[in-house]
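**Q** Sharing a sequence plus its predicted fold:
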Amino acid sequence: MSSKHVLITGGLGFIGVNLAKELAGHAWDVRLFDNLSPQIHGMLPHIDADILSSPQVEVVRGDVRDGDALKTALRGVDSIVHLAAETGTAQSMYQIAHYNHVNSQATASLMDLLANEPHSVKKLVLASSRSVYGEGAYRCQEHGLVFPDARSVADLQSHRWDLRCSVCSKLVRPVPTPESAVQNPASIYAATKLAQEHLVRIAGGALNIPTVVLRLQNVFGAGQSLNNPYTGILSIFSTRIRRGMTLPIFEDGLESRDFVHVEDVCWAFRLALESDSPDGKVLNVGSGKPVSVMQVAELLVDMLGGSVRPAVTGQYRLGDIRHCYADLTQVSDALGYSPKVDINEGLRRFADWVLTQPLPEDGLDRANEELKKNGMMA
């Protein structure tokens, strides 16, 4: 594609700012559209990013739920990267209408504008989530590849953390999750992300606007929000480590995630914008490697010089999954993508950056009390 003027919704968030840097470095003009949510940016937003002073970058404050503001932001852009979304898995389970409004309805409004207003948009790339799978792919010794349902409340209450085959009830082991895996959202957040995918795919096809959906794994790196206690375990852990507080690890600590560095994610977005080969596709973007939550916590304690070791609590949150990590075959074929920053290097960069930041207030206990009050945690 020759398009070089992009609108990034949610553009002042962690991924958006890094993506602006990546794109501006490759001759793109970038318009960042963001409402500066206090939950992400704090009550007095301050974004310390040199890229925002670049003549190639324009910042527009606005909300994706405001159709008039969004209409104005679309003027003159050739491409859209749609990042704007609420992201708290557990919080979504009791703020259902809010998550639907910000994630699903705002995306519908965006596509409605593209259907009914003059514009120059020739491509749209959506940031989706690995959460649309629910639990990832597993392998049963007897029945092969299986996609288990979410764990029941009874399972969690009994601390039966691991998944079993729905046919033979034997324990199953996690394997890389392909894009063809069963989509079985386990949270309202995940359901809204899947709704976004359908809205973009169907409307984009009808409007002859090529679309690409990138299902992101757990994105991390320097610059991520340290203010949001509902999402981003690395931020939550780092604040408590610096404050010498206990580091509570849910379940048994062996639950795993695919942590992908923000530089790799932004590279994937640029490739998706600049190539026609991924058009119409849904692609996983991750590291392709699972890492346990306990392992990440231990590494961070060491890198930040913490004095308190992580402690397994046996607590759990409804909507959390046990395991999921990405099969990268399709994104490699379509984009030539292969992650460059491994977990150790990425965590080292993150820890070095954290130590340069003001010490945030710890909001985890308050957030957990809110989750317990709403029946989403035990």
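**A** Perfect, I can see it now.
**Q** Phi and psi next, for the closest residue to residue 102 other than its chain neighbours.
**A** Leaving out its chain neighbours, the residue that sits closest to residue 102 by C-beta to C-beta, 6 or more residues apart in numbering is residue 86, at 4.8 Å. The C-beta positions use only the backbone N, C-alpha and C, and glycine is treated the same way. The phi and psi values for residue 86, taken as degrees, to the nearest 10, are phi -80, psi 140.
**Q** Tell me the confidence at residue 86?
**A** pLDDT, residue 86: 94.
**Q** burial count for it?
**A** Residue 86 has 23 neighbours, counted by other C-beta atoms under 10 Å.
**Q** list the contacts for it?
**A** 92, 95, 98-99, 102-103, 189 (C-beta atoms under 8 Å, 6 or more residues apart in numbering).
**Q** Residue 177 now?
**A** Contacts of residue 177 by C-beta under 8 Å, 6+ apart are 130, 133, 136-137, 284, 324-327.
**Q** Make JSON lines out of those and add distance to residue 30 and pLDDT.
**A** What follows is these, written out as JSON lines (distance: C-beta to C-beta, whole Å; pLDDT from 0 to 100):
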{"residue": "130", "distance to residue 30": "26", "pLDDT": "96"}
{"residue": "133", "distance to residue 30": "31", "pLDDT": "96"}
{"residue": "136", "distance to residue 30": "33", "pLDDT": "93"}
{"residue": "137", "distance to residue 30": "36", "pLDDT": "97"}
{"residue": "284", "distance to residue 30": "25", "pLDDT": "98"}
{"residue": "324", "distance to residue 30": "31", "pLDDT": "95"}
{"residue": "325", "distance to residue 30": "31", "pLDDT": "97"}
{"residue": "326", "distance to residue 30": "27", "pLDDT": "98"}
{"residue": "327", "distance to residue 30": "31", "pLDDT": "98"}
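**Q** which of these has the most neighbours?
**A** Neighbour max across those (other C-beta under 10 Å) = residue 284, 30 neighbours.
**Q** hang on, the earlier thing: so how far is residue 189 from the residue nearest to residue 102?
**A** 7 Å (C-beta to C-beta, to the nearest Å).
**Q** ditto for residue 133
**A** From residue 133 to residue 189 the distance is 13 Å (C-beta to C-beta).
**Q** what's whichever strand or helix holds residue 16 in contact with?
**A** Assigned by DSSP states H and E, residue 16 belongs to helix 14-24. Residues from elsewhere that reach helix 14-24, judged by C-beta under 8 Å, 6+ apart: 6, 8, 10-11, 30, 32, 34, 47, 49, 51-52, 54, 56-57, 81, 83, 127, 219, 221, 223-225, 262-263, 265-267, 269-270, 273.
**Q** which non-adjacent residue is nearest residue 182?
**A** residue 147 (3.9 Å).
**Q** so what's residue 220 up against?
**A** Contacts of residue 220 by C-beta under 8 Å, 6+ apart are 232, 234, 259-262, 346-347, 350.
**Q** which one among these gets closest to residue 337?
**A** residue 260 (10.5 Å; C-beta to C-beta).
**Q** Surely the closest one touches residue 286?
**A** Yes. Counting by C-beta atoms under 8 Å, residue 260 does reach residue 286; the two are 4.6 Å apart.
**Q** which neighbours do these two share?
**A** By C-beta under 8 Å, 6+ apart, residue 260 and residue 286 have these common neighbours: 216-218, 326, 339.
**Q** Low-confidence regions, the stretch 101-250 of the chain specifically.
**A** Low-confidence segments of the stretch 101-250 of the chain, defined by pLDDT under 70: 230-231.
**Q** Please, where are all the helices along it?
**A** 106-116, 153-157, 188-207, 233-242 (DSSP state H, counting those that start in this stretch).
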